[in-house]
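>>> Provided below for reference: sequence and predicted model.
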Amino acid sequence: MFLAAASGAQPSGPFKAEYVYSLSTSFGVIPFNDVSLSWDPVHKELFAIGEGLVRVFNESGMEIFSFGDDPEVGPISAVAPLEGGDLIVIAYRNGDRALVRCTFRGEFIEQLTIRDVPPEFEGAARGGAMRYRDGRIYLADLGAMRIVVLDVTGRFITGFDVAEKLEVGSKRETLGLRGFNVDKAGNMLFTIQPMFQAYVMGLDGGITPFGIKGSAPGKFNVVAGIARDDDGLIYVSDILKSAVIVFDQNFIFLREFGYRTRAASGLSAPDEVAAGDGKLFVVNHARRGVSVFKVGIPKE
């Protein structure tokens with residue numbers, strides 16, 4: 001079923017969101033509580049990463065494979081699929097985080113040597129959050145509000161001090177980045193909870209903020225995850241509202257959906273989100289798992 005609009009004034013645009021399923025095994029819905037997500041646009045698979053385990057799901061939301069117990073790789077905290085099927089993962093090896101290239105089944109190929117990184121970006125280069133797009137690895141130190149971009153061999157390309165760009169360098173420890181993602185054009189998307197805003201930053205360093213504080217539809221309370229689909233629509237999860245807020249490519253508010261209900265289509269403190277293949281994947285808390293919605297503007 002298509003979800004009803006939030007109560008209160010909302011635009012009457014054509015955007016639709018339809019709950020289709022939650023990530024499952026043959027035994028039923030997986031009660032995920034705290035996982036990160038990574039979408040593979042080439043093979044149309046979703047990776048859910050938590051507690052060192054990587055679980056892979058097909059287009060129907062069913063688990064088809066899992067890995068993460070290879071001592072040669074180490075515990076995995078983030079995954080970025082490459083075009084050819086290999087993976088770049090952040091793994092804990094020898095007491096520190098490392099970038100490791102693996103096969104699609106998580107088998108060790110090599111550890112990348114990270115090089116040419118300026119001293120101020122060394123923390124970010126060890127990784128926290130990670131995304132990949134068109135030959136570039138994006139690593140974000142969320143607490144320090146710094147992002148580095150590497151090539152697939154580990155060589156430094158560029159870096160961004162988001163706090164300095166926003167002129168809040170003295171407050172970085174109390175602000176931090178919450179959600180982090182990269183769209184198909186290579187733009188970086190992130191949210192900052194205490195500032196009640198979301199941002200899009202290009203590789204040239206230009207930043208576009210959007211969103212304002214408030215409880216009305218389209219406004220932010222406690223923002224968390226952020227993603228952009230192939231049509232340019234932007235999705236921001238709001239933990240307090242238990243909703244996903246949708247904007248068009250011009251940052252105009254389109255719709256909210258989800259909300260805290262007992263229905264399968266409801267959300268519970270939604271956190272990280274990922275978009276791909278006309279779907280939005282939403283991580284819930286309270287062991288509500290990962291909800292999957294068919295989303296977009298219907299094509300006539």
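Everything's here; your move.

>>> going forward, measure contacts between C-alpha atoms and count neighbours the same way
Noted.

>>> Low-confidence stretches in the chain?
Counting by pLDDT under 70, the chain contains low-confidence residues at 1-13, 300.

>>> Now do the helices in it.
Using DSSP state H, the helices found in the chain span residues 122-125, 162-165, 172-175.

>>> Out of those helices, which one sits most buried?
Across the helices of the chain, averaging neighbours per residue (mean count of other Cα atoms under 10 Å) puts helix 122-125 on top, at a mean of 22.

>>> who does that one touch, helix- and strand-wise?
Under the contact criterion of 3 or more Cα pairs under 8 Å, 6 or more residues apart in numbering; DSSP states H and E, helix 122-125 touches strand 136-141, strand 146-151.

>>> at 10 Å instead, please
Helix 122-125 is packed against strand 96-102, strand 136-141, strand 146-151, strand 156-161, with contacts defined by 3 or more Cα pairs under 10 Å, 6 or more residues apart in numbering; DSSP states H and E.

>>> among those, which is nearest Pro41?
strand 136-141 (15.0 Å; Cα to Cα).

>>> Quick check: neighbours of the closest one in the sheet, parallel or antiparallel?
strand 129-133 (antiparallel), strand 146-151 (antiparallel) (DSSP bridges).

>>> contacts for it?
Strand 136-141 is contacted from outside by 80, 82, 88, 90, 121-132, 146-161, 176-177, 180-182, 186, 188, 190, using Cα atoms under 10 Å, 6 or more residues apart in numbering.

>>> what about 7 Å?
The contact list for strand 136-141 (Cα atoms under 7 Å, 6 or more residues apart in numbering) reads 123-125, 127-132, 146-152.

>>> Show me which pair in these is furthest apart.
Within the contacts of strand 136-141, Arg146 and Val152 form the most distant pair, 19.3 Å apart (Cα to Cα).

>>> of the two, who's got more company?
Neighbour totals were compared for Arg146 and Val152, and Arg146 leads with 24 against 17 (other Cα atoms under 10 Å).

>>> tell me, how many neighbours does the closest residue to the more buried one other than its chain neighbours end up with?
The shortest distance from Arg146 to any residue other than its chain neighbours is 4.6 Å, reached at Asp161 (Cα to Cα, 6 or more residues apart in numbering). Asp161: 19 surrounding residues under other Cα under 10 Å.

>>> buried set for stretch 219-237?
Residues 219-229, 232-237 are the ones in stretch 219-237 that count as buried (16 or more other Cα atoms under 10 Å).

>>> Straight-line length of stretch 105-112, end to end?
From its first residue to its last, stretch 105-112 covers 18 Å (Cα to Cα, to the nearest Å).

>>> didn't Val182 look like it was pressed against Val200?
No: between Val182 and Val200 there is no contact under Cα atoms under 7 Å: 9.0 Å.

>>> that older thread, now render the helices of the chain as a markdown table, adding distance to Leu112.
Formatted as a markdown table, the helices of the chain follow (distance: least, Cα to Cα, whole Å):
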| stretch | distance to Leu112 |
| --- | --- |
| helix 122-125 | 12 |
| helix 162-165 | 25 |
| helix 172-175 | 29 |
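
>>> Quick check: which of those helices is nearest to Gly296?
Of all the helices of the chain, it is helix 162-165 that lies closest to Gly296, at 30.2 Å by Cα to Cα.

>>> quick one on the thing from earlier: which residues are in contact with each of Val182 and Val200?
Any residue near both Val182 and Val200 by Cα under 7 Å, 6+ apart counts here, and that gives Met188, Leu189.

>>> Let me see the contact set for Asn187.
Asn187 makes contact with Val200, Met201, Gly202, Leu203, according to Cα under 7 Å, 6+ apart.

>>> So which of the residues you listed wins on neighbours?
Busiest of the contacts of Asn187 [other Cα under 10 Å] is Val200, holding 22 neighbours.
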